[in-house]
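Student: the following block contains a protein sequence and its predicted model.
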Amino acid sequence: MTKERIITAILILFSIAFICIAENFFNPYTVRILNNIAIFIILAASYNLINGVTGQFSLEPNGFVAIGAYITALLLINAEEKIFQFAIEEPNAFILAIHSNFITALLISGIVSSVVALCLAFPVFRVRGDYLAIVTLGFGFIIQIFATNNPQVTNGSLGLINIPEFANFYWTGILAIITILLILNIVKSKYGRAMKAIRDDEDAAGAMGINTFKIKTSAFCTSAFFEGVGGGLLAVLLTTVSPDQFTFFLTFQLLIIIVLGGLGSTSGAILGTFLVVGGSEILRFLDEPMTIFSYTTPAMPGLRMVVFSVILILVMLFARKGIMGDGEIGELLKKLKSGKK
């Protein structure tokens, strides 16, 4: 067994042990933050696969997260509750009939998101660069508008409430670990090497015999699957879903996470999630009144985001390629060890 695999095994065992004790050791507020971090690790790692590893500047995550959240919610809410909630129009007969357990709902959410991504890939990958970003950005808006203007399917702007709460830290944490392991294996496989080749030079990759459309579509569908699952977990964590939750801000937040951690680095996506999602909560005290040398300052809502933004700017000034660059933690440890020698 190589040292890299030993380090990976140790990190997995430590993560599992932490998940097992967190629910009983921490207070409900901290556990909720940990749930949020675990879900965003799934979303950031999957988004990094298409944006960082494959190098396709896509701005679609909020659309696939919305699909996953709505499908999971509709599958978990029973028929009686749907009739009670749908106030604008009566629910569609198909929407009224569908129902499943939690795991099946997550799998269906991921599969539907992946199928939508497959259909979207044909027009989307006809363009590159900034044009790709614009097309995928439009997809997110389309999903949000669809959710608002089809009350017989989604209950429109009122959204869905009373979604069964399944998202404890055991579920979110274990699913985050599974997602990370699967994505790391994809990145290290021949498909991952092809994705990196496309990122570095798509024309050269095509000239070397790589089917660039197939590889980009595979990365896009895989990313969409995990984003759909992450959206489902978000729905059962918040127990409510509405179109306003899936604006471009969600995509922008994920983009900050993967750029801060390092485009192309799964370890960086994890680290970036802890810094962005966890860091913004740690700095929450800045919004409240503070006593400094017997002087009490008034409450300043929004100050934490100002401080957080300054910290992000300073980090990016000194780490132009993100904290981890495009490498993983095992590679970083090897470099540090060789540097000492």
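Tutor: That came in fine, so what should we check first? Numbers count the residues shown, from 1 in each chain.

Student: show me where this structure has its strands.
Tutor: 290-292, 295-297 (DSSP state E).

Student: and the last one, what does it pack against?
Tutor: Other elements packing on strand 295-297 under the criterion 3 or more Cβ pairs under 8 Å, 6 or more residues apart in numbering; DSSP states H and E are strand 290-292. Bear in mind the C-beta positions are built from the backbone N, C-alpha and C, glycine included.

Student: before we move on, what about the first one?
Tutor: For strand 290-292, the helices and strands in contact under the criterion 3+ Cβ pairs under 8 Å, 6+ apart are strand 295-297.

Student: show me the shaky parts of the chain.
Tutor: Under the criterion pLDDT under 70, the flagged ranges of the chain are 1-4, 330-341.

Student: just the helices in the stretch 151-300 of the chain please.
Tutor: 151-154, 169-188, 190-200, 202-207, 212-238, 248-261, 266-273, 279-282 (DSSP state H, counting those that start in this stretch).

Student: name the helices or strands packed onto the fourth one?
Tutor: Okay, so that is helix 202-207. helix 190-200, helix 212-238.

Student: now the angle from the longest one to helix 190-200?
Tutor: Read it as helix 212-238. Angle, helix 212-238 to helix 190-200, by axes from the mean of the first three to the mean of the last three Cα atoms, to 10 degrees: 100 degrees.

Student: buried residues, helix 212-238. List them.
Tutor: Neighbour counts over helix 212-238 (16 or more other Cβ atoms under 10 Å) mark 212, 215-238 as buried.

Student: for the shortest one, same thing?
Tutor: Residues of helix 190-200 classed as buried: Y191, G192, A194, M195, K196, A197, I198, R199 (neighbour count, 16+ other Cβ under 10 Å).

Student: wait, S242 sits on G156?
Tutor: No - shown here, S242 and G156 do not form a contact pair, counting by Cβ atoms under 8 Å, at 9.2 Å.

Student: which residues are in contact with each of these two?
Tutor: With contacts defined as Cβ atoms under 8 Å, 6 or more residues apart in numbering, no residue is shared by S242 and G156.
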